[in-house]
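Novice: fold the following, please.
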Amino acid sequence: MLAFLIRRLIQSLGVLLVMSLLVFVGVYEIGDPVLVMISPDATQSDIAATRQALGLDQPLPIQYLRFLRGALSGHLGRSYAYSTPAIDLITERMPATFELALSAMIIAVLAGIPLGLWAGLRPHSWQGKAILTGSILGFSLPSFWVGLMMIMLFSVWLGWLPPSGRGATVDVLGVPLSILTWDGLRHLLMPATNLALFNLAMVTRLARAGTQDALLQDYVRFARAKGLSEGRVVCVHILKNILIPIVTVVGLEFGSVIAFSIVTESIFSWPGMGKLIIDSINVLDRPIIVAYLLVVVILFVSINLVVDVLYCLLDPRVRLADAAH
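Specialist: Now for the predicted structure:
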């Protein structure tokens, strides 16, 4: 296991280095932030002075090396628009995005696994067919349209839930959480549900396919032949085996949910990292854009590492294969 972790860490560092270069060069090519920040009446000397003050007059390799040196010390640049370290702005918004993403994944897992089990155990029942149809809709409907329809129904017509914002929060170890207050829960419910729909459909179909495959395996037939109750067969023999692909997909999708929660955060005015990156792109605030993308890469790499470890714990064959290498 130790050799496995060391090899994964080395691979992760290589991925981070390559991605930092690609992200920096890509953001460098999207435009000149000085032309967005400075007044239209500014002279060429003012533009040159601003570009020099921000370090944008240096060649790209010099800018990247300077950025890399700062990144190694935890400094990812200072925001042009806010005159604040970019990493501070991102970490300030990070709890809101993490809370939204984690709530969405909890909804997807807690609802998707039972629904998938039910549809897999009773595929020809009307409930199983309804669950399958619902999962297809979850894949097909665009999140921005679903979000707008939810606001129209639950906020405008019924008046049950607030249409935007995060609501009241409670500080836990210095981290503001809205899930611990009633007002925060009311604000969280719609965006979390909207963000969960795609992954809910995915988990449901994975659990359904895994259940149907497990029902054909000898160990399930043997368990039933031994006279074990249906509940024990499902919970011990079927559920444990279908969790392996679900853990892998959920782990990877959690990173995607964090990275691509931008649409949901924009629709519901959720004050997370997604809304910050949209505002930063509008003004070409390079340090925030680069820092955000690198934070997302670090999250993906870290989540992949955790998923690999969990996979080893759930499936001993992975450990044996690793030892063989």
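Novice: which residues in the stretch 1-150 of the chain form helices?
Specialist: Secondary structure of the stretch 1-150 of the chain by DSSP state H, counting those that start in this stretch: the helices cover 2-28, 33-37, 44-53, 60-72, 86-121, 126-140, 143-150.
Novice: what's the most buried one of those helices?
Specialist: helix 86-121 (a mean of 21; mean count of other Cβ atoms under 10 Å). Yep, even glycine has a C-beta here, placed from its N, CA and C like the rest.
Novice: and the angle for it with helix 60-72?
Specialist: Between helix 86-121 and helix 60-72, the angle comes out at 80 degrees (axes from the mean of the first three to the mean of the last three Cα atoms, to 10 degrees).
Novice: for the helices of the stretch 1-150 of the chain, give me a markdown table that also has mean pLDDT and distance to residue 291.
Specialist: Listed next are the helices of the stretch 1-150 of the chain as a markdown table, based on pLDDT from 0 to 100; distance: least, Cβ to Cβ, whole Å:
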| stretch | mean pLDDT | distance to residue 291 |
| --- | --- | --- |
| helix 2-28 | 78 | 9 |
| helix 33-37 | 71 | 14 |
| helix 44-53 | 78 | 19 |
| helix 60-72 | 83 | 9 |
| helix 86-121 | 91 | 4 |
| helix 126-140 | 87 | 32 |
| helix 143-150 | 91 | 25 |
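Novice: can you lay out those helices as TSV showing distance to residue 217?
Specialist: Below are the helices of the stretch 1-150 of the chain laid out as TSV (distance: least, Cβ to Cβ, whole Å):
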stretch	distance to residue 217
helix 2-28	28
helix 33-37	58
helix 44-53	65
helix 60-72	49
helix 86-121	13
helix 126-140	20
helix 143-150	36
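Novice: these two touch, right, residue 89 and residue 277?
Specialist: No. Counting by Cβ atoms under 8 Å, residue 277 is not a contact partner of residue 89; they are 10.2 Å apart.
Novice: and the strands in the stretch 151-300 of the chain?
Specialist: Along the stretch 151-300 of the chain, counting by DSSP state E, counting those that start in this stretch, strands occupy 170-172, 175-177.
Novice: packing partners for the first one?
Specialist: In other words, strand 170-172. Strand 170-172 makes packing contacts with strand 175-177 when contacts are defined by 3 or more Cβ pairs under 8 Å, 6 or more residues apart in numbering; DSSP states H and E.
Novice: ok so, going back, closest to residue 231 out of the helices of the stretch 1-150 of the chain?
Specialist: Evaluated over these, closeness to residue 231 peaks at helix 86-121, with 11.2 Å, by Cβ to Cβ.
Novice: which elements pack onto the closest one?
Specialist: The criterion is 3+ Cβ pairs under 8 Å, 6+ apart, and the helices and strands that helix 86-121 contacts are helix 126-140, strand 175-177, helix 182-215, helix 239-259, helix 262-267, helix 273-282, helix 286-314.
Novice: pull up the overlap in contacts between residue 89 and residue 277.
Specialist: Contact criterion Cβ atoms under 8 Å, 6 or more residues apart in numbering; residues shared by residue 89 and residue 277: residue 288.
Novice: rewinding a little: the helices of the stretch 1-150 of the chain: which one's closest to residue 289?
Specialist: Closest approach to residue 289 among the helices of the stretch 1-150 of the chain (Cβ to Cβ): helix 2-28, 5.1 Å.
Novice: quick one: that closest one to helix 60-72, angle?
Specialist: Calculated by the same axes, to 10 degrees, helix 2-28 forms an angle of 130 degrees with helix 60-72.
Novice: quick one, phi psi at residue 229?
Specialist: In terms of degrees, to the nearest 10, the main-chain angles of residue 229 are phi -70, psi 160.
Novice: neighbours of it, how many?
Specialist: A count of nearby residues for residue 229, using other Cβ atoms under 10 Å, gives 10.
Novice: ok, residue 267 next?
Specialist: By other Cβ under 10 Å, 21 other residues sit near residue 267.
Novice: assess the claim that it and residue 148 are in contact.
Specialist: Yes. Look at residue 267 against residue 148 with Cβ under 8 Å: they come within range, at 6.6 Å.
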